[in-house]
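Colleague: Pasting a predicted model and its sequence here:
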Amino acid sequence: MIRILAVGDVVGRPGRIALAHFLPLLKKEREIDVVVVNAENSAAGAGINEKIYREIRALGADVVTMGDHAFDKREAFPLYEREERLLRPANWPKSAPGRGTCLFEGPRGIRVGVVHLQGRVFMNAWGDFFEEAERAVASLKEHTNVVIVDMHAEATSEKIALSWFLDGRISLLFGTHTHVPTADATIRASGSAFISDCGMTGPYNGVIGRVKEAVLKKMRTNVHEAFAVADGDLKLGAVVVDVDERTGKATKIEPLFLPVPTEVAVAAAGGRD
(Lines give C-alpha, C1' and ligand atoms only; values in the text may rest on other atoms or scores of the structure.)
Protein backbone atom coordinates (compact mmCIF):
# COMPACT_ATOMS: atom_id res chain seq x y z
CA MET A 1 0.00 0.00 0.00
CA ILE A 2 1.14 3.53 -0.79
CA ARG A 3 -0.43 6.57 0.91
CA ILE A 4 -0.87 9.78 -1.07
CA LEU A 5 -1.55 13.30 0.23
CA ALA A 6 -2.91 15.81 -2.29
CA VAL A 7 -3.08 19.43 -1.10
CA GLY A 8 -5.42 22.08 -2.54
CA ASP A 9 -4.42 25.54 -3.77
CA VAL A 10 -1.86 27.18 -1.46
CA VAL A 11 -2.70 30.91 -1.29
CA GLY A 12 -0.02 33.46 -0.45
CA ARG A 13 2.02 33.58 2.73
CA PRO A 14 -0.93 32.52 4.93
CA GLY A 15 -1.33 29.37 2.84
CA ARG A 16 2.38 28.65 3.02
CA ILE A 17 2.28 28.98 6.81
CA ALA A 18 -0.63 26.51 6.94
CA LEU A 19 1.29 24.12 4.70
CA ALA A 20 4.47 24.48 6.75
CA HIS A 21 2.55 23.70 9.93
CA PHE A 22 0.67 20.64 8.69
CA LEU A 23 2.77 18.95 6.03
CA PRO A 24 5.63 17.66 8.22
CA LEU A 25 3.11 16.59 10.88
CA LEU A 26 0.90 14.74 8.42
CA LYS A 27 3.83 13.02 6.75
CA LYS A 28 4.94 11.66 10.12
CA GLU A 29 1.63 10.98 11.86
CA ARG A 30 -0.25 9.63 8.84
CA GLU A 31 2.78 7.89 7.32
CA ILE A 32 2.38 9.69 4.01
CA ASP A 33 4.49 8.31 1.15
CA VAL A 34 3.77 10.76 -1.68
CA VAL A 35 2.76 14.44 -1.58
CA VAL A 36 1.37 16.55 -4.44
CA VAL A 37 0.77 20.25 -3.71
CA ASN A 38 -1.09 22.71 -5.94
CA ALA A 39 0.74 26.03 -5.56
CA GLU A 40 -0.59 28.24 -8.36
CA ASN A 41 -1.56 30.98 -5.89
CA SER A 42 1.42 30.61 -3.59
CA ALA A 43 3.28 33.83 -4.54
CA ALA A 44 1.15 36.78 -3.39
CA GLY A 45 -1.95 35.00 -4.66
CA ALA A 46 -0.91 34.40 -8.26
CA GLY A 47 1.91 32.24 -9.59
CA ILE A 48 5.12 30.99 -8.02
CA ASN A 49 8.79 31.90 -7.82
CA GLU A 50 11.92 29.86 -7.23
CA LYS A 51 12.20 30.71 -3.53
CA ILE A 52 8.66 29.54 -2.83
CA TYR A 53 9.03 26.44 -4.99
CA ARG A 54 12.15 25.44 -3.04
CA GLU A 55 10.35 26.16 0.22
CA ILE A 56 7.40 23.89 -0.67
CA ARG A 57 9.65 21.08 -1.87
CA ALA A 58 11.74 21.33 1.30
CA LEU A 59 8.58 20.84 3.38
CA GLY A 60 8.13 17.45 1.73
CA ALA A 61 6.19 17.97 -1.49
CA ASP A 62 7.22 15.48 -4.18
CA VAL A 63 5.46 17.32 -7.01
CA VAL A 64 4.18 20.90 -7.28
CA THR A 65 1.29 21.53 -9.68
CA MET A 66 0.05 24.91 -10.84
CA GLY A 67 -2.88 26.01 -13.06
CA ASP A 68 -4.12 29.09 -14.91
CA HIS A 69 -1.77 31.39 -12.94
CA ALA A 70 1.28 29.25 -13.70
CA PHE A 71 3.02 31.93 -15.77
CA ASP A 72 1.97 35.02 -13.78
CA LYS A 73 5.52 35.43 -12.46
CA ARG A 74 7.82 35.71 -15.47
CA GLU A 75 10.89 35.05 -13.35
CA ALA A 76 9.61 31.49 -12.92
CA PHE A 77 9.79 30.65 -16.65
CA PRO A 78 13.32 29.16 -16.45
CA LEU A 79 12.24 27.20 -13.37
CA TYR A 80 9.64 25.31 -15.40
CA GLU A 81 12.31 24.25 -17.87
CA ARG A 82 14.73 23.08 -15.15
CA GLU A 83 12.44 21.45 -12.63
CA GLU A 84 10.79 18.21 -13.74
CA ARG A 85 8.57 18.16 -10.65
CA LEU A 86 7.03 21.59 -11.25
CA LEU A 87 4.07 21.09 -13.59
CA ARG A 88 1.93 23.43 -15.65
CA PRO A 89 -1.21 22.02 -17.37
CA ALA A 90 -0.36 19.35 -19.93
CA ASN A 91 -3.06 20.52 -22.35
CA TRP A 92 -1.39 23.90 -22.79
CA PRO A 93 0.56 24.49 -26.03
CA LYS A 94 3.63 22.27 -26.33
CA SER A 95 5.72 25.38 -27.01
CA ALA A 96 4.96 26.72 -23.50
CA PRO A 97 7.75 26.45 -20.93
CA GLY A 98 7.86 23.30 -18.87
CA ARG A 99 5.82 20.11 -18.88
CA GLY A 100 2.50 18.74 -17.68
CA THR A 101 3.51 15.26 -16.50
CA CYS A 102 6.23 13.67 -14.45
CA LEU A 103 7.33 10.22 -13.33
CA PHE A 104 9.42 9.73 -10.20
CA GLU A 105 10.51 7.02 -7.84
CA GLY A 106 8.71 7.08 -4.51
CA PRO A 107 9.24 5.01 -1.36
CA ARG A 108 10.32 1.38 -1.64
CA GLY A 109 11.18 1.93 -5.29
CA ILE A 110 7.53 2.48 -6.26
CA ARG A 111 7.20 4.64 -9.36
CA VAL A 112 4.51 7.34 -9.33
CA GLY A 113 3.16 9.33 -12.27
CA VAL A 114 1.48 12.73 -12.05
CA VAL A 115 -0.60 14.47 -14.73
CA HIS A 116 -1.70 18.11 -14.51
CA LEU A 117 -4.65 19.30 -16.62
CA GLN A 118 -6.80 22.42 -16.93
CA GLY A 119 -10.50 22.69 -17.70
CA ARG A 120 -12.11 24.82 -20.40
CA VAL A 121 -15.26 26.37 -18.92
CA PHE A 122 -14.47 29.98 -17.84
CA MET A 123 -10.77 29.08 -18.04
CA ASN A 124 -9.65 30.18 -21.53
CA ALA A 125 -7.71 26.93 -21.72
CA TRP A 126 -5.90 25.44 -24.68
CA GLY A 127 -6.38 21.94 -25.96
CA ASP A 128 -8.67 19.01 -25.31
CA PHE A 129 -8.07 17.80 -21.75
CA PHE A 130 -9.71 14.44 -22.51
CA GLU A 131 -7.36 13.80 -25.40
CA GLU A 132 -4.33 14.93 -23.41
CA ALA A 133 -5.41 12.84 -20.41
CA GLU A 134 -5.71 9.78 -22.66
CA ARG A 135 -2.22 10.29 -24.07
CA ALA A 136 -0.49 11.20 -20.80
CA VAL A 137 -2.03 8.43 -18.71
CA ALA A 138 -1.29 5.78 -21.34
CA SER A 139 2.34 6.92 -21.47
CA LEU A 140 2.77 6.83 -17.67
CA LYS A 141 1.02 3.46 -17.38
CA GLU A 142 3.86 1.92 -19.36
CA HIS A 143 6.02 2.54 -16.29
CA THR A 144 3.68 2.48 -13.27
CA ASN A 145 0.19 1.63 -12.10
CA VAL A 146 0.10 4.56 -9.66
CA VAL A 147 -1.04 7.68 -11.52
CA ILE A 148 -2.34 10.89 -9.92
CA VAL A 149 -4.22 13.61 -11.82
CA ASP A 150 -4.67 17.23 -10.69
CA MET A 151 -7.63 18.59 -12.68
CA HIS A 152 -7.55 22.38 -12.32
CA ALA A 153 -11.00 23.52 -13.42
CA GLU A 154 -13.84 25.89 -12.67
CA ALA A 155 -16.64 23.51 -13.62
CA THR A 156 -17.31 20.57 -11.33
CA SER A 157 -18.94 18.83 -14.30
CA GLU A 158 -15.61 18.71 -16.15
CA LYS A 159 -13.86 17.22 -13.13
CA ILE A 160 -16.59 14.64 -12.56
CA ALA A 161 -16.73 13.69 -16.25
CA LEU A 162 -12.96 13.24 -16.43
CA SER A 163 -12.99 11.06 -13.33
CA TRP A 164 -15.45 8.68 -15.02
CA PHE A 165 -13.45 8.80 -18.25
CA LEU A 166 -10.26 7.76 -16.43
CA ASP A 167 -11.85 5.41 -13.89
CA GLY A 168 -9.79 2.25 -13.54
CA ARG A 169 -6.77 3.77 -15.26
CA ILE A 170 -5.63 6.17 -12.53
CA SER A 171 -5.32 6.01 -8.75
CA LEU A 172 -6.59 9.50 -7.90
CA LEU A 173 -8.11 12.53 -9.59
CA PHE A 174 -8.28 15.52 -7.26
CA GLY A 175 -9.81 18.81 -8.32
CA THR A 176 -8.32 22.22 -7.65
CA HIS A 177 -8.95 25.89 -8.55
CA THR A 178 -12.35 26.71 -7.00
CA HIS A 179 -10.88 26.96 -3.46
CA VAL A 180 -14.01 25.46 -1.89
CA PRO A 181 -13.89 21.94 -0.42
CA THR A 182 -16.53 19.58 -1.81
CA ALA A 183 -18.31 16.73 -0.02
CA ASP A 184 -18.07 14.17 -2.83
CA ALA A 185 -14.92 12.19 -2.01
CA THR A 186 -15.44 8.71 -3.39
CA ILE A 187 -13.86 5.71 -5.05
CA ARG A 188 -15.28 5.08 -8.53
CA ALA A 189 -16.57 1.66 -9.59
CA SER A 190 -13.30 0.62 -11.23
CA GLY A 191 -11.06 1.78 -8.39
CA SER A 192 -10.09 5.42 -8.99
CA ALA A 193 -10.40 7.84 -6.06
CA PHE A 194 -11.99 11.23 -6.77
CA ILE A 195 -12.89 14.56 -5.18
CA SER A 196 -14.15 17.62 -7.06
CA ASP A 197 -12.09 20.04 -4.94
CA CYS A 198 -9.86 19.62 -1.89
CA GLY A 199 -10.43 23.22 -0.89
CA MET A 200 -7.72 25.83 -0.68
CA THR A 201 -4.89 25.92 1.82
CA GLY A 202 -4.98 29.48 3.08
CA PRO A 203 -7.14 32.21 4.64
CA TYR A 204 -10.89 31.62 4.73
CA ASN A 205 -11.58 35.06 6.22
CA GLY A 206 -12.18 36.46 2.76
CA VAL A 207 -13.50 35.51 -0.67
CA ILE A 208 -11.64 32.44 -1.97
CA GLY A 209 -8.48 33.72 -0.33
CA ARG A 210 -8.72 37.40 -1.23
CA VAL A 211 -9.57 40.43 0.92
CA LYS A 212 -13.37 40.53 1.09
CA GLU A 213 -13.69 44.33 1.02
CA ALA A 214 -11.99 44.58 -2.38
CA VAL A 215 -14.05 41.74 -3.84
CA LEU A 216 -17.31 43.23 -2.53
CA LYS A 217 -16.42 46.62 -3.99
CA LYS A 218 -15.81 45.09 -7.41
CA MET A 219 -19.00 43.03 -7.32
CA ARG A 220 -21.19 45.92 -6.14
CA THR A 221 -19.72 48.85 -8.10
CA ASN A 222 -17.64 47.30 -10.91
CA VAL A 223 -14.75 49.44 -9.63
CA HIS A 224 -11.66 47.26 -9.43
CA GLU A 225 -8.81 47.43 -6.98
CA ALA A 226 -6.07 44.95 -6.24
CA PHE A 227 -7.37 41.71 -4.75
CA ALA A 228 -4.80 41.32 -2.00
CA VAL A 229 -4.45 38.00 -0.19
CA ALA A 230 -6.68 37.82 2.90
CA ASP A 231 -5.59 36.74 6.36
CA GLY A 232 -7.23 34.95 9.26
CA ASP A 233 -9.10 31.65 9.63
CA LEU A 234 -6.30 29.59 8.10
CA LYS A 235 -7.07 26.05 7.05
CA LEU A 236 -5.46 23.26 5.08
CA GLY A 237 -7.58 21.57 2.42
CA ALA A 238 -6.35 18.18 1.29
CA VAL A 239 -7.19 14.54 0.69
CA VAL A 240 -5.45 11.34 1.81
CA VAL A 241 -5.72 8.28 -0.42
CA ASP A 242 -4.50 4.72 0.11
CA VAL A 243 -3.55 2.88 -3.09
CA ASP A 244 -2.58 -0.70 -3.82
CA GLU A 245 0.63 -0.12 -5.78
CA ARG A 246 0.35 -3.50 -7.52
CA THR A 247 -2.98 -2.63 -9.18
CA GLY A 248 -3.07 1.16 -8.91
CA LYS A 249 -6.54 0.90 -7.36
CA ALA A 250 -7.54 3.16 -4.46
CA THR A 251 -8.74 1.43 -1.31
CA LYS A 252 -9.55 4.47 0.84
CA ILE A 253 -10.06 8.22 0.45
CA GLU A 254 -10.32 10.72 3.30
CA PRO A 255 -10.80 14.49 2.92
CA LEU A 256 -8.91 16.75 5.35
CA PHE A 257 -10.05 20.26 6.28
CA LEU A 258 -7.81 21.30 9.15
CA PRO A 259 -7.78 24.64 11.02
CA VAL A 260 -4.39 26.10 11.84
CA PRO A 261 -3.91 26.63 15.61
CA THR A 262 -4.37 30.25 16.67
CA GLU A 263 -0.81 30.65 17.91
CA VAL A 264 0.52 29.52 14.52
CA ALA A 265 -1.96 31.64 12.54
CA VAL A 266 -0.80 34.78 14.33
CA ALA A 267 2.50 34.46 12.49
CA ALA A 268 0.64 34.91 9.19
CA ALA A 269 -0.53 38.38 10.12
CA GLY A 270 2.87 39.85 9.27
CA GLY A 271 2.41 39.62 5.50
CA ARG A 272 0.37 38.14 2.67
CA ASP A 273 2.97 37.82 -0.10
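Modeller: Sure thing, it's come through.
Colleague: can I assume Gly113 sits in a strand?
Modeller: Yes. Under DSSP: H, G, I helix; E, B strand; the rest coil, Gly113 sits within a strand.
Colleague: Isn't it up against Gly100?
Modeller: No. With contact taken as CB atoms under 8 Å, Gly113 and Gly100 are classed as non-touching, separated by 11.5 Å. Quick note: C-beta positions are derived from backbone N, CA and C, even for glycine.
Colleague: what's the spacing between the residue nearest the centre of the chain and Leu5?
Modeller: Centroid-nearest residue in the chain: Asn38, 2.6 Å away (criterion: CA atoms, centre = their mean). Relative to Leu5, Asn38 is positioned 12 Å away (criterion: CB to CB, to the nearest Å).
Colleague: try Pro107
Modeller: Relative to Leu5, Pro107 is positioned 13 Å away (criterion: CB to CB).
Colleague: for Ala76, same thing?
Modeller: According to CB to CB, Ala76 stands 24 Å off from Leu5.
Colleague: in the helix ranked longest in the chain, what counts as buried?
Modeller: Assignment by DSSP state H gives helix 12-29 as the longest helix of the chain. Buried residues in helix 12-29, defined by neighbour count with 16 or more other CB atoms under 10 Å: 12-23, 26-27.
Colleague: secondary structure class for Val64?
Modeller: Under three-state DSSP, Val64 comes out as strand.
Colleague: rewinding a little: please identify which of the buried residues of helix 12-29 is nearest to Asp197.
Modeller: Proximity of those to Asp197 was ranked by CB to CB; the top entry is Gly15 with 15.0 Å.
Colleague: mind listing what the closest one touches?
Modeller: For Gly15, the contacting residues are 9, 41-42, 200-203, 209, 234, by CB atoms under 8 Å, 6 or more residues apart in numbering.
Colleague: same thing with Glu83?
Modeller: Each residue near Glu83 by CB under 8 Å, 6+ apart is listed here: 53, 98.
Colleague: about what we covered before: I'd like the buried residues of helix 12-29 as a markdown table, with pLDDT appended.
Modeller: Rendered in a markdown table, the data for the buried residues of helix 12-29 read as follows (pLDDT from 0 to 100):
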| residue | pLDDT |
| --- | --- |
| Gly12 | 94 |
| Arg13 | 94 |
| Pro14 | 94 |
| Gly15 | 95 |
| Arg16 | 95 |
| Ile17 | 95 |
| Ala18 | 96 |
| Leu19 | 97 |
| Ala20 | 96 |
| His21 | 96 |
| Phe22 | 97 |
| Leu23 | 98 |
| Leu26 | 98 |
| Lys27 | 97 |
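Colleague: looking at it, Thr144 is touching Gly113, isn't it?
Modeller: Yes. At 5.2 Å, Thr144 and Gly113 qualify as touching, with contact defined as CB under 8 Å.
Colleague: In the protein, where is pLDDT below threshold?
Modeller: By pLDDT under 70, the weakly predicted segments of the chain are 125, 267-272.
Colleague: all strands of it, in order?
Modeller: When assigned using DSSP state E, the strands of the chain occupy the ranges 2-7, 34-38, 63-65, 86-87, 101-105, 111-118, 147-152, 172-176, 186-187, 193-195, 202-203, 234-244, 249-259.
Colleague: Of the ones you listed, give the one that comes closest to Ile160.
Modeller: Nearest to Ile160, of all the strands of the chain, is strand 193-195, at 7.7 Å by CB to CB.
Colleague: Please name the strands paired to that closest one in the sheet, noting orientation.
Modeller: Each strand that strand 193-195 pairs with, and the sense of that pairing, follows from DSSP bridges: strand 172-176 (parallel), strand 186-187 (antiparallel).
Colleague: which residues sit against the shortest one?
Modeller: Under the criterion CB under 8 Å, 6+ apart, residues 193-195, 250-253 lie in contact with strand 186-187.
Colleague: Adding neighbour count and distance to Leu172 as columns, could you present these in TSV?
Modeller: Written out in TSV, the entries for the contacts of strand 186-187 read as follows (neighbours: other CB atoms under 10 Å; distance: CB to CB, whole Å):
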residue	neighbour count	distance to Leu172
Ala193	29	4
Phe194	27	7
Ile195	28	9
Ala250	22	6
Thr251	14	11
Lys252	12	11
Ile253	21	8
